[in-house]
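J.: sharing a model that was predicted from the sequence below.
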Amino acid sequence: MNTSVTRKEIEQQLIDRCWQDSAFRQELINDSISALRKEKINLPSSIKLHVVEESSDVFYLVIPAQPVKTEELSDTELESVAGGVNLWPAGWLS
């Protein structure tokens, strides 16, 4: 059974809890790791968490980490690995 949850699901769980419980919201702002543990959410020690609270006159934009670029094949390299079988008889589409 896969019990993993997505980042979006965790975010929504925390937002919902903050909207319902102002003490939890304050704890999440002041001591996020402790608040997460109470929600049974354990982040790897390599992850840092910054919690900020928006207001009606403050807008925060979070720029996600840029995805790691994979090396693309050149046209020549792509042609050398491309394969396939022509299943259409000669002249079929003419």
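T.: Yep, it's here.
J.: which SS class is residue 34?
T.: Here residue 34 is recorded as helix under DSSP: H, G, I helix; E, B strand; the rest coil.
J.: how far out from the middle of the chain is the longest helix along the chain?
T.: Identified as the longest helix of the chain according to DSSP state H is helix 7-20. Relative to its parent chain, helix 7-20 has a centroid offset of 15 Å by C-alpha atoms, centre = their mean, to the nearest Å.
J.: with stretch 34-48 instead?
T.: For stretch 34-48, the distance to the chain centre is 16 Å (C-alpha atoms, centre = their mean).
J.: start to end distance for that stretch?
T.: Stretch 34-48 stretches 13 Å from its first residue to its last (C-alpha to C-alpha, to the nearest Å).
J.: now do the helices in this protein.
T.: Residue ranges of the helices in the chain, as given by DSSP H, are 7-20, 22-30, 32-38, 75-81.
J.: now those as TSV including mean pLDDT?
T.: Below are the helices of the chain laid out as TSV (pLDDT from 0 to 100):
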stretch	mean pLDDT
helix 7-20	92
helix 22-30	96
helix 32-38	91
helix 75-81	74
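J.: okay if I get those helices as TSV plus distance to residue 57 and mean neighbour count?
T.: (Glycine included, C-beta is placed from N, CA and C.) Formatted as TSV, these follow (distance: least, C-beta to C-beta, whole Å; neighbours: other C-beta atoms under 10 Å):
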stretch	distance to residue 57	mean neighbour count
helix 7-20	19	12
helix 22-30	18	14
helix 32-38	24	15
helix 75-81	52	9
